[in-house]
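Colleague: Okay, predicted coordinates and the sequence, questions at the end:
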Amino acid sequence: MAVRPVYIPKNSAPFYDIVNIEFKWNGGFAVSQKQKNIKAIHDGFKLIYPEANPLEISSKSLIQIGVELSAFNLMKYVPELKKSFPIENVYQAGKVFENGCQYTDLMLVSPKDAKRDERLKNSGKLTMFRFSGQNFPLIPESLFYNYIYINAIIENEKLAKKILDFNGFTDIEFNPQKSISTQAKSAAIYVALAGLGMTGKIKDYKDFYSLFIK
């Protein structure tokens with residue numbers, strides 16, 4: 001058995017709730033096995049919320065919009081480079097370590113290579129994130145990831161509209177025991193803020209930050 005989270009929009013900070021679903025884990029690395037796990041999580045979620053419409057956000061999603069919203073596929077515009085890059089690249093390239101290193105060249109490799117770059121493991125402690133001349137603190141957790149991901153949604157009008165049809169979000173590649181940030185959480189936050197008419201407070205970092213500080 002395994003337990004994985006479903007992130008649902010919430011009308012107050014931090015703008016998401018978590019519903020943990022226990023299910024029988026289908027082992028293996030094949031896409032078909034991961035999709036069995038996705039279905040099991042969604043089926044368990046619907047037992048609790050029969051009217052729910054969950055969406056898996058990953059490259060393994062059974063729905064095309066879920067694949068398009070994957071951090072490997074969703075593109076974020078980088079002003080100084082005048083070009084858009086996958087969220088995964090922007091996130092990894094934004095990490096700043098205790099020795100002052102920031103590997104901005106990770107923008108230019110594949111998302112998979114960016115995520116697996118050995119320098120990210122061998123450069124000491126992570127101290128902050130930096131993007132487009134702005135420094136982002138490590139606390140609140142996931143602030144930087146949520147900021148770039150949600151802004152990337154806004155930059156894609158089609159996805160920004162379609163994602164509002166869903167009210168629960170999963171990420172089969174995310175293990176809460178090993179990681180903090182996930183595209184599923186970011187998606188839930190976006191849907192919550194959109195529903196509250198607060199998307200105007202997303203683009204500016206200081207406005208976005210203020211939403212999560214009591």
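Modeller: Nice, thanks for sending it over.

Colleague: Phi, psi for residue 56 please.
Modeller: phi -80, psi 130 (degrees, to the nearest 10).

Colleague: and if you look at residue 16?
Modeller: phi -150, psi 150.

Colleague: Around the closest residue to it other than its chain neighbours, how many other residues sit close by?
Modeller: Distance criterion Cβ to Cβ, 6 or more residues apart in numbering; nearest residue to residue 16, sequence neighbours excluded, is residue 188 at 4.1 Å. (Each C-beta comes from the backbone N, C-alpha and C, glycine too.) The number of residues packed near residue 188 is 29, by other Cβ atoms under 10 Å.

Colleague: all strands for the chain, in order.
Modeller: 2-9, 16-23, 54-56, 75-78, 83-86, 95-97, 126-131, 134-136, 168-170 (DSSP state E).

Colleague: Can you tell me which of those strands is nearest to residue 117?
Modeller: strand 95-97 (10.0 Å; Cβ to Cβ).

Colleague: mind listing what that closest one pairs with, with the direction of each?
Modeller: Strand 95-97 pairs in its sheet with strand 126-131 (antiparallel), by DSSP bridges.

Colleague: averaged over its residues, what pLDDT does the strand it pairs with have?
Modeller: If you average the pLDDT over strand 126-131, you get 96.

Colleague: just stretch 49-65 next, same as before
Modeller: On average, stretch 49-65 scores 96.

Colleague: and residue 192, what does it touch?
Modeller: Residue 192 is in contact with 9, 10, 11, 15, 16, counting by Cβ atoms under 8 Å, 6 or more residues apart in numbering.

Colleague: can you check residue 54 too?
Modeller: Contact partners of residue 54, counting by Cβ under 8 Å, 6+ apart, are 6, 41, 42, 45, 46, 166, 167, 168, 169, 170.

Colleague: Go ahead and confirm residue 190 touches residue 153.
Modeller: Yes - judged on Cβ atoms under 8 Å, residue 190 makes contact with residue 153 at a distance of 5.3 Å.

Colleague: Share the number of residues neighbouring residue 176, please.
Modeller: The number of residues near residue 176, taken as other Cβ under 10 Å, comes to 14.

Colleague: wouldn't it be in contact with residue 5 here?
Modeller: Yes - between residue 176 and residue 5 there is a contact at 5.9 Å, judged by Cβ under 8 Å.

Colleague: What separation is there between the residue most central in space within the chain and residue 72?
Modeller: Taking Cα atoms, centre = their mean, the centroid of the chain lies closest to residue 183, which sits 1.8 Å from it. Remark: distance between residue 183 and residue 72 (Cβ to Cβ, to the nearest Å) = 10 Å.

Colleague: do residue 212 as well
Modeller: For residue 212 relative to residue 72 (Cβ to Cβ), the value is 26 Å.

Colleague: Over to residue 194?
Modeller: In terms of Cβ to Cβ, residue 194 sits 23 Å off from residue 72.

Colleague: Next: residue 81.
Modeller: On the measure of Cβ to Cβ, residue 81 and residue 72 end up 19 Å apart.
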